[in-house]
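Student: generate coordinates for the sequence data below:
(one chain, ligands or ions: 1)
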Amino acid sequence: MASSNPILIIGGGIGGLTAALALLRRGLDVVVYEQAPVLKEVGAGVQIGSNGTRVLFALGLEASLRDLQVAPPRRQLRHWRTGETWNWFDLGAASVERFGTPHILMHRNDLHGILVSAIRKLKPDAIKLGMKCAAVTQSGDAAVAQFATGERAAGDAIIGADGIHSQVRQCLFGASKAEFTGCVAWRGLVAMDRLPPHLSQLLTTNWLGPHGHVLHYPVHRGELMNFISIVERDDWQVESWIIEGTKEELTADFRDWHPDVHTFIENIDTPYKWALMARGPMNRWSQDRITLLGDACHPTLPFLGQGAVMAIEDAYVVAACLQQYRSDPSRAFARYEEIRKERTASVVRKSHENRRHVFSPALANNDELAIEVARYWQQEHVKERLDWLYQYDATAIAV
Ligand SMILES: Cc1cc2nc3c(=O)[nH]c(=O)nc-3n(C[C@H](O)[C@H](O)[C@H](O)COP(=O)(O)OP(=O)(O)OC[C@H]3O[C@@H](n4cnc5c(N)ncnc54)[C@H](O)[C@@H]3O)c2cc1C
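Tutor: Numbers count the residues shown, from 1 in each chain. Model prediction:
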């Protein structure tokens, strides 16, 4: 930027921290304001497809990721009631061969910690904690954030990376309308040494069923199994990862499912639940010197496992645009939006559409499920459905 004022990032989640690292590596000054008093992510896993690792590697994180990641050799499918297993598609070396970078599974806290230490190496005091942003404003040559503490900070530009309930989005465009999808997501972690050998393999497993879906995959060097399940119900509509549920409730949601699913549920310490809400695409993300990134502007249902990866791609592109148009943040943000809107809107739309493939009432019938596996879940269909996602190279986009 022409002046030496920093770029302010509101929110120190995966998107905000990736943006901070990408900007610092380009020699631009940043300050991240995070509302939490301590730096940590929720205790859950996150899948990072090849399109995400491509960005993280370009930011110099390959070696630190390798210490903590799991790179599974393949994904498999299982039948919700009989437990029958089908190989689905290859990952591991096959992903690297096809897309150049691997598909990895991370504990969110591990990924978060890696980003924090890379940022602090470049700027030790870049992240300010306990700073809940209450409002953002702008004048001709500055953007200003006001915090719940009463403090203010001014910078050349502001990036709102403050997640699904974004305050920055609300200041710019008003409250967003969310529609309940009729689905609740459960998450929990299980210590791998509590699981029998056939359930502690370093693979990603999707269970297909009639009114819900179960997914589990290893994280944290394979020491923990991340469990996620999604079930159709309409009596819970709070969109937050920190609300605890009970094992009894989770057990009841999957009562007719195979005993292996219940082995996971019994071994989760604390299950958490999140009501899945859908939102339509926003017409604009930016106003002059202030923009949005990640879930703040395109929250995505988890049926493609790409929400955090979209935030990572956004972060790389917004940093490239700010470097390219250093003296004109408004132009930088207009170009960033232009590059990113169509792709993120496709991911939001296709994630929504994918829901009907991971569970549908017809799958209650054993024969129907086998037919569906043969029809929809074969490797060549997977290529059609997923290659466009994994091939995208945010690091090579002309800004
Ligand atoms: C069940 C489920 C499974 C998922 N699995 C995957 C997956 O496998 N792969 C994937 O890519 N995505 C996945 N996602 C999506 C992913 O979790 C989100 O897209 C991702 O976390 C968005 O990152 P973010 O940085 O934009 O927002 P967040 O992670 O929400 O971070 C926002 C940050 O801003 C802070 N903040 C909020 N308000 C303020 C404020 N006013 N002032 C200051 N700070 C503030 C918050 O404390 C937080 O640290 C999944 C989502 C769900 C629900």
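Student: just checking, what packs against whatever helix or strand Ile114 lives in?
Tutor: Taking DSSP states H and E as the definition, one finds Ile114 inside helix 108-122. Counting contacts by 3 or more Cβ pairs under 8 Å, 6 or more residues apart in numbering; DSSP states H and E, helix 108-122 packs against helix 14-25, strand 45-48, helix 62-68, strand 127-128. Glycine gets a C-beta too; all of them are placed from N, C-alpha and C.
Student: partner strands of the second one and their direction?
Tutor: Looking back up the chat, that one is strand 45-48. Neighbouring strands of strand 45-48 in its sheet, by DSSP bridges, are strand 104-107 (antiparallel).
Student: hmm, the strand it pairs with touching the ligand?
Tutor: No: Strand 104-107 lies out of reach of the ligand by Cβ under 6 Å from any ligand atom, never closer than 8.2 Å.
Student: and for that strand, what's in contact with it?
Tutor: 43-48, 53, 65, 68-72, 189, 204, 217-220, 224, 226 (Cβ atoms under 8 Å, 6 or more residues apart in numbering).
Student: for it, what is the average pLDDT?
Tutor: Taken as a whole, strand 104-107 has a mean pLDDT of 98.
Student: next, the buried residues of it.
Tutor: Across strand 104-107, burial judged by 16 or more other Cβ atoms under 10 Å covers 104-107.
Student: pretty sure Val144 is touching Glu151, no?
Tutor: No: using Cβ atoms under 8 Å, Val144 is not in contact with Glu151, being 10.9 Å away.
Student: ok, now which ones touch Ile127?
Tutor: Each residue near Ile127 by Cβ under 8 Å, 6+ apart is listed here: 12, 17, 20, 31-32, 34, 39, 116, 119-120.
Student: hmm, back to that, tell me the angle the helix holding Ile114 makes with helix 14-25.
Tutor: Interaxial angle of helix 108-122 relative to helix 14-25 (axes from the mean of the first three to the mean of the last three Cα atoms, to 10 degrees): 20 degrees.
Student: helix 108-122 near the ligand anywhere?
Tutor: No: using Cβ under 6 Å from any ligand atom, helix 108-122 stays clear of the ligand, with a minimum separation of 7.7 Å.
Student: and the contacts of that helix?
Tutor: When contacts are defined by Cβ under 8 Å, 6+ apart, helix 108-122 is touched by residues 12-14, 17-18, 20-21, 24-25, 32, 39-46, 48, 59-61, 64-65, 68-69, 126-127, 219-220.
Student: next: stretch 227-243.
Tutor: 42, 44-45, 164-165, 178, 180, 182-190, 211-216, 250, 253-254, 261, 264-265, 268, 272-277, 302, 358-359.
Student: can I get it in CSV, CA atoms only?
Tutor: Output of stretch 227-243 as CSV, limited to C-alpha atoms (Å, rounded to 0.1, in the frame of the first residue of the first chain):
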residue,chain,number,x,y,z
PHE,A,227,-16.5,-38.4,13.8
ILE,A,228,-19.1,-36.3,12.0
SER,A,229,-22.7,-37.3,11.4
ILE,A,230,-25.6,-35.5,9.9
VAL,A,231,-29.2,-36.4,10.6
GLU,A,232,-32.5,-35.0,9.5
ARG,A,233,-34.4,-33.5,12.4
ASP,A,234,-36.1,-30.2,13.0
ASP,A,235,-36.1,-29.7,16.7
TRP,A,236,-32.7,-28.0,17.0
GLN,A,237,-31.8,-24.8,15.1
VAL,A,238,-28.7,-23.3,16.7
GLU,A,239,-25.8,-22.7,14.3
SER,A,240,-22.8,-23.1,16.7
TRP,A,241,-20.0,-25.6,17.2
ILE,A,242,-19.8,-25.1,20.9
ILE,A,243,-23.1,-26.4,22.0
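Student: is the ligand contacted by it?
Tutor: Yes: contact between stretch 227-243 and the ligand, assessed by Cβ under 6 Å from any ligand atom, occurs at Ile228.
Student: also stretch 343-361?
Tutor: No: Stretch 343-361 lies out of reach of the ligand by Cβ under 6 Å from any ligand atom, never closer than 9.4 Å.
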